[in-house]
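**Student:** here is a sequence with its predicted model. Questions after.
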Amino acid sequence: MFNKFGSTSETLSKASAGLLRIGTDAHLYDDPEDVNIAPLLDSKFESEKCEALKRLLALIAQGFDVSNFFPQVVKNVASQSSEVKKLVYLYLLQYAEKRPNEALLSINYFQKDLGDPNPLVRAWALRTMAGIRLHVIAPLALAAVSKCARDPAVYVRRCAANALPKLHDLRLEEHASAIEELVGILLNDHSPGVVGAAAAAFTSICPNNFKLIGKNYKKLCQILPDVEEWGQILLIGTLLRYVVARHGLVRESLMLSIHGTNSNGFCEKDGLGRDLTLDKEDGGKSDSFDVNLVSLVSKCYIQGPDEYLPRSSCTDTVSSAFDTKETTSIAHNEDVKILLQCTSPLLWSNNSAVVLAAAGVQWIMAPLEDVKKIVKPLLFLLRSSSASKYVVLCNILVFAKAVPSLFAPHFENFFICSSDAYQVKAYKLEMLSLIATTSSIASILREFEDYIKDPDRRFAADTVAAIGLCAKRLMTIPTTCLDGLLALVRQESFAGDFESADGEAGVLVQAVMSIQTMIERDPLRHEKVLIQLFRSLDSIKVAAARATIIWMVGVYCSLGHIIPRMLTTITKYLAWSFKSEASETKLQILNTIAKVLTSAEAGDFHMLKRIVVYVFGLGEYDLSYDIRDRTRFLKKLLSCKLASHEPAEDSVASQENIAAHVVEHVFGRKLKSVSPITLHNRFYLPGSLSQIVLHAAPGYEPLPKPCSFVYEEQDQLSDLDKQREAAADLDGSEESSETGDENGSSDYDSESSNGSDFSSEGDERTVSNDANDPAAPLIQISETSVSADQEELRSRRALDLWLDDQPSTSNQTPSALNSNQSSYAKISIGDVGSRVKPKSYSLVDPGNGSGLKVDYAFLSEVSNVSPLHVCVEVLFENSSAEPILEVNLEDEESMKVADSSEQTLVGKANASYNNIPTLIPMEEISCLEPHQSTKRLIQVRFHHHLLPMRLTLHYNEKKVPVKLRPDLGYLVKPFSMSIEEFLATESRLPGMFEYSRRCTFDDHVKDSRTENGKDKFLSICESITLKVLSNSNLHLVSVDLPVANSLEDATGLRLRFSSKILSSEIPLLITITVEGKCTEVLNLTVKINCEETVFGLNLLNRIANFMVEPSSSAT
């Protein structure tokens, strides 16, 4: 019957669970099969497409790879259904980095959706563009963010603010100023939601650009209470940093309170007046704060704990750290007043992190008498969750260390609850030991009595330690506390038999250490307590407790009248038990008997010396290295004592015997009292993660140096005007000029090589026919020229198409455009192919190749195997003293099936070359003699223009894996065309097929110093051409110069290069336009027109990078 009832209940539970899933998409997670997804994606019904996309996202959530559906999903980005469009965007964010070519096909749809009347669609498009982490589309995404930052919908502007940190993570150095300007525009927004997101962008992008905050400071303070909670946290921190950087710390605040004590004689070296009274509610010393600790906290907040240097004496560290010019007074500073007024209401926020952030501002900037207002909000947070309670206690602990009187009246809030986690209990115990006063210690000790009985013995041990801390702080602690600890020692003395079972050993050790803390204050008064501890040695079995008591024997061996008479008996006992002791106890026994022998009286000297000799004899043959080393050290150190017959004899010899002098200083000196301040405390800003983990977490920054930011009020209005103009012109001509900029670089672009240059016979780049003709004049007037204005207008129309706006030049007639054209002169630079030297790269250095050095360089020669292969010249050099045998390069993975993503990127044009090998085997080098070098030609087919080829270098029966990285400049081939054909092809590739980037060039400046008589324009043209042809395989079409230019101005000089991509035979056109003086560093604008957007943008980055690099080839 019970089995039947159980099965019925199980059926009912399943049925109820099924009812709860009705109307949801939970069923999508039950069937992970994706066999029916493809037909649904191609369906003509939007509901079926939506179902398929939901199933894909469910598979992604379960960890399945569904990237093979990428082409079918991308097709649906043009869907009219907002639900389908949203799901497609989510899918694209997941797999865009894996399939960059297909993702770029949807960029046009993103641009169209940015003009959709539905603000949700505009926000989805922007969020997707910013989330696709491809350097290729970063300039387009930046243009989209610039447009959406002015969107009338608040949600779209907020998405624009959230997109800025994603663009910043792509390291767009050239667009850094533009991104910061957008942050300033969004910080000036009237919507609290946008301001919160803008504050997050400011924190991650330009946290030290306080000029943006200064423009909107008062507005940000006023809008602070209305910002969302998580935005409030970041905005509070930003405003605090701005106030400190501009005005400095407040003189009336707790951080600079030490300034008011100098005239009264505080902080003297005698230790008087260390504490300052904060209030008189409870009276006495407890109502004070520690000047040294407060100064330490303030320095850590400003300089960071890592830069803090411990003080050798009690000096006015705050006054030395902060000049009076770097401080301000709250009575005359409106900015500080506004900040404190706006953060005060946030002390009662529902968000614990907001409360902590607001409390941090009050703690650092509020006047001394107003710091108390943070106490009750912080105590209220102790009623929240366990995790929040732990974080709040970490910060309260810092406040209590500096100002114990703040929380002293509220000690009952820190009593332990049974539901508290262990970490929370430990912090509460530390708090109680810090804020205990003469009036509250009785109640606290009664609580401690109950805590000691807790079943968690680790917590009980911490409680005993807290009792010792209270005894160390308070002189008037009841003597009954000491009696209770002694009773606890006797009660727990059996803990050695159950040390690992119930943690009683920890309680016993902490009890002994707490007693030791109390004895340190007045040892002579507690002589009988010491005697009781010494007598309990036989019953205490815990090694750590025994070691502590034995340490006290050595420290107080000459205390009073009774202990010196007990030393002989105690040392005999220690010698008897030495063999069975733990290592830490043995070490303490060795130290103790050395101290006892040093201070021994004449009557006991001989007996103690025999005991010491006996113990040293045991220690010399102990199994532990440490004990044997310690024994030999002490035996050598005490040799003068062991060799003498009377202790008085050593007093004369000690003046001449260095060893005796050392013994006297090591073992004969009294312990100095340790300051209760621990200078090893590490303090971080309140509410920060670093304060929880007690080390600088990634991204942590201390407060800026006070008054390090100077902001001029008179410039504020003009800056705002400029900002508004920038906002109004975001889709104007300035943005058009940046359309194709691409600041990211592939792995290849960041690689540098120190290999030697190569030269190859017959390695010549193709140039125009006129350039090859020696009879052609140097400069010719060209009738087929295109004006710079027309190119600029074409580029602007392309940007307008991307942003879905109306072109500003649509009303101009062709005749108007032609009227702006100017005449150009065609320059012939002669044959430069023979002067081109290809750049070399290192494949294997001698350190990794056992003396074998391998460099390679790409050649412009055409492969005789297939159009997809690239010729690479490899130089093998033996740098060792031994011959190297059987040197060869092989492709170990040639027979493996290439990855699907790579196969897609190769393109459809490679279908006929699938059977062609990736690497044409080279001729093996049978022997390479020492210091001999030889060259080999290999032919390589790269699967992708960014992916390296994995090869294996064989030599001396060894295998070394190497990576041959492609050079984008040699994955194209020269394509000869006339200037008319070039311009016609260029006109067919506008819009997203045209992109440009600016860079600098200075090779001609170095050449002009050696060639004084050479024509400056010719020198510039040759330098640019040699630089381009030394790093790429192109055809020089023409070199044009405006006739109206002056003799010193190279502005308008234009070089055109043409080529075709090897893998697809798609034309790729390059235009380089020069700006600047002939004798100065030139600004180049490199423009590429190509249908292969990804390849073209990567090649654009490559050209811009090597044009900036210093030239290594001789001209």
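**Tutor:** Looks like it came in fine. Numbering: from 1, shown residues only.
**Student:** okay, now the unreliable bits of the stretch 701-850 of the chain?
**Tutor:** By pLDDT under 70, the weakly predicted segments of the stretch 701-850 of the chain are 711-834.
**Student:** same check, this time on the stretch 301-450 of the chain
**Tutor:** For the stretch 301-450 of the chain, the stretches with pLDDT under 70 are 304-325.
**Student:** what about the strands in it?
**Tutor:** 327-328 (DSSP state E, counting those that start in this stretch).
**Student:** quick check, Pro100 in contact with Val1094.
**Tutor:** Yes: look at Pro100 against Val1094 with C-beta atoms under 8 Å: they come within range, at 5.5 Å. (Glycine included, C-beta is placed from N, CA and C.)
**Student:** quickly list what's touching both of these two.
**Tutor:** Val136 (C-beta atoms under 8 Å, 6 or more residues apart in numbering).
**Student:** so for the strand ranked longest in the chain, mean pLDDT?
**Tutor:** Criterion DSSP state E: the longest strand present in the chain is strand 852-862. Per-residue pLDDT over strand 852-862 has a mean of 86.
**Student:** between the helix or strand that that strand is followed by and strand 852-862, how many degrees?
**Tutor:** Once the chain leaves strand 852-862, the next helix or strand it forms, by DSSP states H and E, is strand 870-878. With axes from the mean of the first three to the mean of the last three C-alpha atoms, to 10 degrees as the basis, strand 870-878 and strand 852-862 are set at 160 degrees to each other.
**Student:** buried set for the helix or strand just after strand 870-878?
**Tutor:** Using DSSP H and E, the next helix or strand after strand 870-878 towards the C-terminus is strand 884-890. By neighbour count on 16 or more other C-beta atoms under 10 Å, the buried set for strand 884-890 is 884, 887-889.
**Student:** packing partners for strand 884-890?
**Tutor:** strand 870-878, strand 925-928, strand 949-955 (3 or more C-beta pairs under 8 Å, 6 or more residues apart in numbering; DSSP states H and E).
**Student:** spatially central residue for the protein, please.
**Tutor:** Nearest residue to the geometric centre of the chain (C-alpha atoms, centre = their mean): Pro698, 5.0 Å.
**Student:** wasn't it part of a helix?
**Tutor:** No: counting by DSSP: H, G, I helix; E, B strand; the rest coil, Pro698 is not part of a helix but coil.
**Student:** for it, give me phi and psi.
**Tutor:** Reported as degrees, to the nearest 10, the phi and psi values for Pro698 are phi -60, psi 130.
**Student:** do Gly63 as well
**Tutor:** Dihedral angles (degrees, to the nearest 10) for Gly63: phi 100, psi 10.
**Student:** for Gln94, see how far away it is.
**Tutor:** Going from Gly63 to Gln94 by C-beta to C-beta, to the nearest Å gives 12 Å.
**Student:** one step back: and the helices and strands packed on strand 884-890, which is most packed in?
**Tutor:** Comparing the helices and strands packed on strand 884-890 by mean neighbour count (mean count of other C-beta atoms under 10 Å), strand 870-878 ranks first with a mean of 22.
**Student:** now for that strand, which elements pack on it?
**Tutor:** Contacts defined by 3+ C-beta pairs under 8 Å, 6+ apart place strand 870-878 against strand 852-862, strand 884-890, strand 925-928, strand 933-940.
**Student:** start and end of stretch 1061-1073, how far apart?
**Tutor:** One end of stretch 1061-1073 to the other measures 22 Å (C-alpha to C-alpha, to the nearest Å).
**Student:** quick one: buried residues of that stretch?
**Tutor:** For stretch 1061-1073, burial by neighbour count (16+ other C-beta under 10 Å) applies to 1061-1064, 1066-1073.
**Student:** same deal with stretch 603-622?
**Tutor:** Quick answer for stretch 603-622 (16+ other C-beta under 10 Å): 604-605, 608-609, 611-612, 614-616, 618-619, 622.
**Student:** cool, stretch 335-351 as well?
**Tutor:** 335-336, 338-340, 342-344, 346-347, 349.
**Student:** please apply the same query to stretch 108-126.
**Tutor:** 108-114, 116, 119, 121-126.
**Student:** check stretch 987-999 too.
**Tutor:** Within stretch 987-999, judged by 16+ other C-beta under 10 Å, the buried ones are 989, 991-997, 999.
**Student:** which one of those residues is nearest Leu983?
**Tutor:** Lowest distance from Leu983 to these (C-beta to C-beta) belongs to Leu989, with 11.1 Å.
**Student:** residue contacts, that closest one?
**Tutor:** Counted by C-beta under 8 Å, 6+ apart, Leu989 has contacts 1069, 1089-1091.
**Student:** what's in contact with stretch 71-83?
**Tutor:** Residues from elsewhere that reach stretch 71-83, judged by C-beta under 8 Å, 6+ apart: 38, 41-42, 46, 49-50, 53, 56, 84-85, 88-89, 91-92, 102-103, 105-106, 109-110, 118, 120-121.
**Student:** which of the contacts of Leu989 are buried? Put it as a PyMOL command.
**Tutor:** Buried residues among the contacts of Leu989 (16+ other C-beta under 10 Å), as a PyMOL selection:
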select buried, resi 1069+1089+1090
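**Student:** can you give me the domain assignment for the chain?
**Tutor:** Here the domain assignment for the chain is 25-225, 248-407+687-712, 769-807+816-830+972-1108, 838-966, based on automatic domain parsing.
**Student:** right, I'll call it a day here.
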